[in-house]
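In: Build the 3D model from these lines:
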Amino acid sequence: MEYLVIYSSQTGNTQKLALEIFEALPGKSKDIQKIEEQSGEADTYFVGFWIHRGICGRDILDFLEGLHGKNVALFGTCGMGEDRKYCRQVSKRMEALIPEDNRYLGAFLCTGKMSPQVLEKFQAMQKRKDSPEIRELIQAYREAMLHPDERDLRNARTFAKEIVHEREGEELWG
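Out: Residues are numbered from 1 along each chain as shown. Predicted coordinates:
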């Protein structure tokens, strides 16, 4: 198989991105699978995850650890996705988890809705001691509730198409 989109999604955010990426991939030699149902091999993997405390879940960590000699692109959602610096840090952290015998193709991260428990945690923190930082977290939560939006989905499709285009160009000149 040429392409395999593998993802973990707790609230449906990452699943939305996975479906967009899958649809953007050319041809029929492709598949999309939830991480817990993963089977089969591919030349190129698009691996999707949600971020909690700056990293993906154990299921994705284990999956990445087992990849060898593949092309790997990452995508994901996080509540703080509007913070470009934070997204770059997460991308670098995730890239470092890919075994060196793979070829890293890039990452796409965007904002995703957070669970209601996150807002409850922020509000409890605010009750104990209000601060501009806590108010920013609450505002980020509210803004994240609108994501992934159509722009995020379009950007995910563009990301996948760019990866394919670069790969095809390298095969031609390779």
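In: From here on, just use CA atoms for contacts and neighbour counts.
Out: Noted.
In: Find the centremost residue of the protein, please.
Out: Closest residue to the average C-alpha location of the chain: residue 76 at 1.3 Å, with Cα atoms, centre = their mean.
In: From what I see, that one and residue 46 are in contact.
Out: No: when contacts are counted by Cα atoms under 8 Å, residue 76 is not listed as touching residue 46 (10.1 Å).
In: quick one: the nearest residue in space to residue 147 that is not next to it in sequence from residue 71, how far?
Out: The shortest distance from residue 147 to any non-neighbouring residue, by Cα to Cα, 6 or more residues apart in numbering, is to residue 112 (4.9 Å). Distance of residue 112 to residue 71, given as Cα to Cα, to the nearest Å: 25 Å.
In: Show me which of the two is the more surrounded one.
Out: Neighbour count, other Cα atoms under 10 Å: between residue 112 and residue 71, residue 112 has more, with 28 against 19.
In: what's near enough to touch the more buried one?
Out: 13, 14, 77, 78, 79, 81, 144, 145, 146, 147, 148 (Cα atoms under 8 Å, 6 or more residues apart in numbering).
In: Any of these buried? List them.
Out: Taking 16 or more other Cα atoms under 10 Å as the criterion, what is buried in the contacts of residue 112 is 13, 14, 77, 78, 79, 81, 144, 145, 147, 148.
In: just the helices in this protein please.
Out: Applying DSSP state H to the chain gives helices spanning 13-24, 58-65, 84-95, 116-128, 132-144, 150-173.
In: Tell me which of those helices sits most buried.
Out: Most buried of these, by mean neighbour count (mean count of other Cα atoms under 10 Å): helix 13-24, with a mean of 22.
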